[in-house]
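Student: Let me see the structure of the following:
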Amino acid sequence: MGEKLDPLIPESSLQDFGSCDYLRQKSSADFGVDSTRLAHAVVITGGIACGKSSVCQILQKRGFSVVCADKIAHAVLEECADELACAFGERIVTRQNLAPNPSCGDFGEVGYHTKDSGRIDRGALGEIVFGSATKRKLLESITHPRIYEEILRQARMLESSMESKDSGLDSLESGESVGWYFLDIPLFFEGGARYDVYHVVCVSAPESLQIARLQSRNSLSYEQARARIAAQMPLAEKIARSTYVIENNGTIEELEQKVKAMLKSLESRLNLVRNV
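Tutor: Alright, predicted model coming up:
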């Protein structure tokens, strides 16, 4: 474990696993990151239904820029509709004027080809990939390179903007005056932690709360919710590899206070990082 936290930060909600030296050592040895260092970026990650989106909404309200991997992923799914239909079957796409294509359908389902644009039925696709590691890896091989490149493109734009502003860290009241931004990447570690950043914030919650949220939010059965949690890296491993942990097990007001505490802790450390 790293240095002791500011007393304002409850140990139960925010854990510090070391200074920037920890992540710098881990990045080159274990993570296989991109060579582009994102000095102003902080990654938000965590388990499914732990509240990453809520944390990011709080950050955006405070004026910070957030690059959302899920939004990018949704756009990429639509861009890859034909390719995904070939791999997983046309039932995952809603569109018209279909023509059978026997060369498609990697898993024995009839594939189709059409010039008509379609929309991905994410629920149907989720049922397929969450039930099979092989199919999940195929989906990732199609979408992850595109998602990665778009996240990196947006991050580089924000890096350039902040470098040109030469922002200080003298205020937490406005994201404009604080020199960092956030990358909302739920599968950051599963994807090999390819972005070279100094800080990773893991949003966590008890598994029972994750299941309850998934059942309510996604209308899943208990077994389906457990399967989606099991498909990800164990939350304990994400916590161990992160620099900060926010435990989201209370009210939105409590979460806002935990985010504020995390920002105050980051304030001193990012000044150190930039001068290394």
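
Student: So, low pLDDT: which residues of this protein?
Tutor: By pLDDT under 70, the low-scoring segments of the chain are 1-35, 96-117, 165-178, 268-276.

Student: Going along the chain, name the helices of it.
Tutor: Secondary structure of the chain (DSSP state H): helices at 20-26, 52-61, 69-79, 81-88, 122-129, 133-165, 207-218, 222-230, 235-241, 252-274.

Student: now those as JSON lines including mean neighbour count and distance to residue 198?
Tutor: Where C-beta positions appear, they are placed from N, C-alpha and C, glycine not excepted. Listed next are the helices of the chain as JSON lines, based on neighbours: other CB atoms under 10 Å; distance: least, CB to CB, whole Å:
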{"stretch": "helix 20-26", "mean neighbour count": "16", "distance to residue 198": "5"}
{"stretch": "helix 52-61", "mean neighbour count": "18", "distance to residue 198": "17"}
{"stretch": "helix 69-79", "mean neighbour count": "17", "distance to residue 198": "19"}
{"stretch": "helix 81-88", "mean neighbour count": "21", "distance to residue 198": "35"}
{"stretch": "helix 122-129", "mean neighbour count": "16", "distance to residue 198": "32"}
{"stretch": "helix 133-165", "mean neighbour count": "15", "distance to residue 198": "13"}
{"stretch": "helix 207-218", "mean neighbour count": "16", "distance to residue 198": "28"}
{"stretch": "helix 222-230", "mean neighbour count": "15", "distance to residue 198": "28"}
{"stretch": "helix 235-241", "mean neighbour count": "17", "distance to residue 198": "14"}
{"stretch": "helix 252-274", "mean neighbour count": "17", "distance to residue 198": "5"}
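
Student: Quick check: which of those helices is nearest to residue 180?
Tutor: Across the helices of the chain, residue 180 has its closest neighbour in helix 252-274 (5.9 Å, CB to CB).

Student: Apart from its chain neighbours, what residue comes closest to residue 255?
Tutor: Spatial nearest neighbour of residue 255, chain neighbours left out: residue 248 (5.5 Å); criterion: CB to CB, 6 or more residues apart in numbering.

Student: and that neighbour, how far is that from residue 261?
Tutor: 13 Å (CB to CB, to the nearest Å).

Student: that older thread, next one: the residue nearest to residue 255 from residue 150, what distance?
Tutor: 27 Å.
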